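Asks: mind folding the following:
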Amino acid sequence: MLEQTRQNAGSFALWTVLALCLAAGAVSVANPELTPWAFLAVGLAGLAALWVIRFDITLWFWVWVLSYGLLDRQFLHLQLAGLPNMTIPRFIALGAFASFGIYFCTHRRLVKLQSPLHWMIIAFLGYVAINASMFGWTASSEVGRTWPYYRFLEPLLLPIMLYFLVVSSLRSRRQILTALVPLVIYGWYALYIGYLQYAAIRGWEGARSLIWPSYINMPSWGSNYGIHFDRARGAYALSNPQAVLLIQLLFVDLFLIRRIQGPLKLMLIVQAILIPPAVFFTGLRSAYLALLLCGAVWCIWGGRLRLGKVKLAMIALVVVIACSYAWENLLTRDRATGGVGQIQETQARLVLAQQAVEIAKEHPLTGVGFGHFLDYQLALNRDPGSPHANIFSVLTQHNLFLAILAETGIIGLILIVTVFVMLFGQIMRLYRRLPLVNGGWLSRDLVIVGFIAMLNYLINAMFVDPLWDPASNALFWGF
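Replies: Below you'll find the model as predicted:
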């Protein structure tokens, strides 16, 4: 049966590529300027067809997720009329859609909406699209002109669409490895860069010469102000996606360590040991909190029949001793030594919370329009004696739920809260259905890893608006 399916896929792919070759030839004759792009499309289609025949289709999703940490170069993009700038991750997403299209045609499958949760996700995504259409896909202010469609396209639309495609194409439990192995492999690269960046921050400037690709060393990478250049931000423009990825990787390692033997297990143990310091290097208070809370969840629920509570008590003791030893460093504003006493960032979050509440009071039902926070933020009256006067004139949101409330109103807030509540309920139901002791891939431990992915994402979302962070959103929907 499998061989017959592969033959059908090969035949369909061959005819598809031939049809595209004819179409590319016709386009080249009609408009010679489009010749390179026409045959580039043929090449991409051929690659997509080969992928469907030879590889696990769900691997496409993880190639796209991890491309944000290696291939999302700031100035490497293609400008096409009427379309957003086409970056490498966006081209990979197009390749993924083409491959999934061929896969569904050859395997005679349909995209499945299997639960009320899926319909609620569609409802939230649809409402955000309608809201953005009502208020405009571009902002009025020049600084944030692209905010509405950017915040919708990469952090929401692409990961959710690919999530549904992956869910509808799952065939066996072994495909769990398809998700976990690429993450573990990329984790070594993320750790390599993180440790070198921290070494450079602490004074060894020669460490930056060992970082590849070299554009990561640019202080202006990701912004004109060198955001998070003073932290170990990995291959990203900000340190948040690096922290989210490393925390998730830690619990993936702990899950795999229980199921893999031999040299690979030793490699996973070493990687797991290296992760907590690398999380510390990111200099994020949200990352410290996420690591502690996710660790507590793993010890209690992921450690059943393995002295989970004893492990939690031991870890708590180590944390208390470490905090006591480094208490003076923790109270400073120096992130490189673990300081969490930054005042300006705290003031900024208070100001943003006040602004979001003010906007929500004026526009309670539908908000000011998805991606239009800046337009109304600039128009807010500021008392010279208030904290507003001490903060930059433009601030990006620092809380997912306050941003949704201000931009899409109470309707959007209810929808997104409902999505997370239903997701939590689905996780708990699956956890209860699985046996207490199960050494297979689909087990209670894996469900806890999924819950940790949600908890990790939400803790980050309390301190920063993740709709500016495609990588963290893609990783969340992948789990």
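Asks: residue 211 against residue 193, yeah?
Replies: Yes - when contacts are counted by CB atoms under 8 Å, residue 211 is listed as touching residue 193 (5.8 Å). All C-beta atoms are positioned from the backbone trio N, CA, C, and that covers glycine.
Asks: more crowded one of the two?
Replies: Taking neighbours as other CB atoms under 10 Å, residue 211 and residue 193 compare with residue 193 leading, 24 against 17.
Asks: helices or strands up against the stretch of helix or strand that one belongs to?
Replies: Using DSSP states H and E, residue 193 falls within helix 176-201. Where contact means 3 or more CB pairs under 8 Å, 6 or more residues apart in numbering; DSSP states H and E, helix 176-201 is packed against helix 59-67, helix 240-257, helix 263-281.
Asks: for the record, mean pLDDT for it?
Replies: Helix 176-201 carries an average pLDDT of 88.
Asks: buried sites along it?
Replies: 176, 178-180, 182-184, 186-187, 190-201 (16 or more other CB atoms under 10 Å).
Asks: orientation of that helix relative to helix 263-281 in degrees?
Replies: Using axes from the mean of the first three to the mean of the last three CA atoms, to 10 degrees, the inter-axis angle of helix 176-201 relative to helix 263-281 is 50 degrees.
Asks: helix 176-201 vs helix 240-257, what angle?
Replies: Using the same axes, to 10 degrees: helix 176-201 against helix 240-257 is 130 degrees.
Asks: pop out the phi and psi values for residue 87.
Replies: Main-chain torsions, residue 87, degrees, to the nearest 10: phi -90, psi 170.
Asks: now do it against residue 293, distance only.
Replies: 33 Å (CB to CB, to the nearest Å).
Asks: so between those two, which is more surrounded?
Replies: Counted by other CB under 10 Å, residue 87 and residue 293 do not tie: residue 87 has more neighbours, with 20 against 16.
Asks: if I look at the more buried one, how far off is residue 146?
Replies: 13 Å.
Asks: equivalent analysis for residue 101, please.
Replies: To residue 146, residue 101 is 28 Å away according to CB to CB.
Asks: next one: residue 422
Replies: Residue 422 is 31 Å from residue 146, by CB to CB.
Asks: cool, and residue 283?
Replies: For residue 283, the distance to residue 146 - CB to CB - is 28 Å.
Asks: wait, what's in contact with residue 430?
Replies: residue 447 (CB atoms under 8 Å, 6 or more residues apart in numbering).
Asks: would you mark the buried spots in the helix or strand hosting it?
Replies: For residue 430, the host element (DSSP H and E) is helix 400-433. Buried positions in helix 400-433, judged by neighbour count with 16+ other CB under 10 Å: 400-409, 411-413, 415-416, 418-420, 422-423, 426-427, 431.
Asks: need the contact list for the closest residue to residue 424 other than its chain neighbours.
Replies: Closest residue to residue 424 apart from its sequence neighbours, by CB to CB, 6 or more residues apart in numbering: residue 454 at 7.1 Å. Shown in contact with residue 454 (CB under 8 Å, 6+ apart): 420, 423-424, 427, 476, 479.
Asks: a markdown table for those residues, including pLDDT and distance to residue 447?
Replies: Shown next, in a markdown table, are the contacts of residue 454 (pLDDT from 0 to 100; distance: CB to CB, whole Å):
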| residue | pLDDT | distance to residue 447 |
| --- | --- | --- |
| 420 | 97 | 16 |
| 423 | 95 | 12 |
| 424 | 95 | 12 |
| 427 | 93 | 6 |
| 476 | 93 | 16 |
| 479 | 75 | 10 |
